[in-house]
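Asker: What follows is a predicted protein model with its sequence.
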Amino acid sequence: MNFTSVRIITKEIQPLVRFYEKVLGSTAIQYTEDFAELRTPLATLAIASTRTLALFGGDDIARPAENRSVIIEFRIDDVDSTYQALTGFLGNSLVQKPVTMPWGNRSLLFKDPDGNLVNFFTPVTDDAKQRAGTI
């Protein structure tokens, strides 16, 4: 089994697509007005409108902008330079400036337009780099 993607359900797809294109520095593939993907080498971030819920069994199976338990994480090359590049863009969505966590990752935490937590991190200790397979 391979983990391949996370899908965010939203009422308004375009603001999330534009946000993630900016912070990830990539272009989304928009298959329909209700579904887009941003692909990375290891996994895909999918963004879908609430209208797609009917395809999975009904409108009540997910609620947009109510996530309070998941953090969407991306390993990046340099958290500090990314933070500097995004500072003006993130504005009030910034939750925590870059800080080194006890497990060895340097982490930048912010929220997307729907309030989902996003963590950009860079392994900085030898142990964290080894876990990430970067040394």
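Answerer: Happy to help now that I have it.
Asker: Quick check: nearest residue in space to Val95, chain neighbours excluded?
Answerer: Of all residues not flanking Val95 in the chain, Leu109 sits nearest, at 4.2 Å (CB to CB, 6 or more residues apart in numbering). (Glycine included, C-beta is placed from N, CA and C.)
Asker: On the strand side of things, show who the one you found bridges to.
Answerer: Under DSSP bridges, the beta-bridge partners of Leu109 are Gln96, Asn119.
Asker: residue contacts, it?
Answerer: Taking CB atoms under 8 Å, 6 or more residues apart in numbering, we find Leu109 in contact with Ile71, Leu94, Val95, Gln96, Leu117, Val118, Asn119.
Asker: Could you list the domains of the chain?
Answerer: 1-58, 71-135 (automatic domain parsing).
Asker: will you turn those domains into JSON lines that also has distance to Pro64 and mean pLDDT?
Answerer: Converted to JSON lines, the domains of the chain look like this (distance: least, CB to CB, whole Å; pLDDT from 0 to 100):
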{"stretch": "domain 1-58", "distance to Pro64": "5", "mean pLDDT": "96"}
{"stretch": "domain 71-135", "distance to Pro64": "6", "mean pLDDT": "97"}
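Asker: which one of those domains lies closest to Ala65?
Answerer: Evaluated with CB to CB, these place domain 71-135 nearest to Ala65, the distance being 4.2 Å.
Asker: what distance separates the start and the end of the closest one?
Answerer: 25 Å (CA to CA, to the nearest Å).
Asker: close enough to count as contact, Leu117 and Ile71?
Answerer: Yes. Between Leu117 and Ile71 there is a contact at 4.4 Å, judged by CB atoms under 8 Å.
Asker: who has more neighbours, those two?
Answerer: Neighbours per residue (other CB atoms under 10 Å) separate Leu117 from Ile71, with Leu117 holding more: 18 against 12.
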